[in-house]
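Trainee: Please work out how this folds:
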Amino acid sequence: MRGTRSCLFALAALLLRLIHATDIYFQIHEPKSISYVYRALASKKHGGIFTTPFYRHPLVLSDPSDACAPLRNAESVQGNLIFIKRGGCNFYDKCKHAQDARAAAVFVYDTDVNNGHAYIDMIVVNESGDTLPITIPVMFVLGSDGMHIAAALSSRRALVTIPLNETTVTLDGYTPWSIW
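Mentor: Below is the predicted model:
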């Protein structure tokens, strides 16, 4: 039963990717100060798809925060979701450093705290000449959400469920700073 469910989930994720459904919803359960539902934009140009869901899975900050160098916290990143600040280098390098540290998925967040609506389609320019493809899921988070999450993560991990069936979430589950 579990194997069948996992196969069906992978098939559904692939179909969504094929029809360009690039919005991914995730929920932070802990810490309570940021315990809301968030929307992210999946990268169309690189990265894998979610073949298995993550339930209450750890989300850790990148160190360095922009992941423009090999990660100093690779041990705590391994097998977990990683939260990376935009800027400083290209998206490929950020994702490559996360993948090298064996992260399960990458969230790149915008640094403009006033950006509550403009998603960035992360175009990867591989300036290093590396040919290793990025195979882990990669998504972009708005600055208004990203800055709140990063501030809360500065002293601890978060627990995240992703992807989330957004239709099951009530309106009071969304962030108070981004409700229309």
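
Trainee: Where do the helices of the protein begin and end?
Mentor: 2-18, 74-77, 91-100, 143-153 (DSSP state H).

Trainee: between the ones you listed, which gets the lowest average pLDDT?
Mentor: Lowest mean pLDDT within those: helix 2-18, at a mean of 56.

Trainee: From what I see, residue 101 and residue 71 are in contact.
Mentor: Yes - counting by Cβ atoms under 8 Å, residue 71 is a contact partner of residue 101 at 4.5 Å. Using the backbone N, CA and C atoms, a C-beta is placed for each residue, glycine as well.

Trainee: Overlap in contacts, these two.
Mentor: Overlap of the contact sets of residue 101 and residue 71 (by Cβ atoms under 8 Å, 6 or more residues apart in numbering) consists of 77, 82.

Trainee: Quick check: the residue positioned nearest the centre of the chain vs residue 68, distance?
Mentor: By Cα atoms, centre = their mean, the mean C-alpha position of the chain lies nearest to residue 107, the distance being 2.7 Å. Remark: distance between residue 107 and residue 68 (Cβ to Cβ, to the nearest Å) = 16 Å.

Trainee: what's the answer for residue 135, then?
Mentor: 20 Å.

Trainee: Residue 106 reaches residue 141, doesn't it?
Mentor: No - assessed by Cβ under 8 Å, residue 106 is found out of contact with residue 141, at 10.3 Å.

Trainee: pLDDT value on residue 110, please?
Mentor: The score at residue 110 is 88. That number is its pLDDT.

Trainee: what's the nearest residue to it if we skip its chain neighbours?
Mentor: Closest residue to residue 110 apart from its sequence neighbours, by Cβ to Cβ, 6 or more residues apart in numbering: residue 143 at 3.5 Å.

Trainee: Strands along this protein, start to end?
Mentor: Assigned by DSSP state E, the strands in the chain fall at 23-30, 37-42, 54-61, 81-85, 105-109, 138-141, 158-162.
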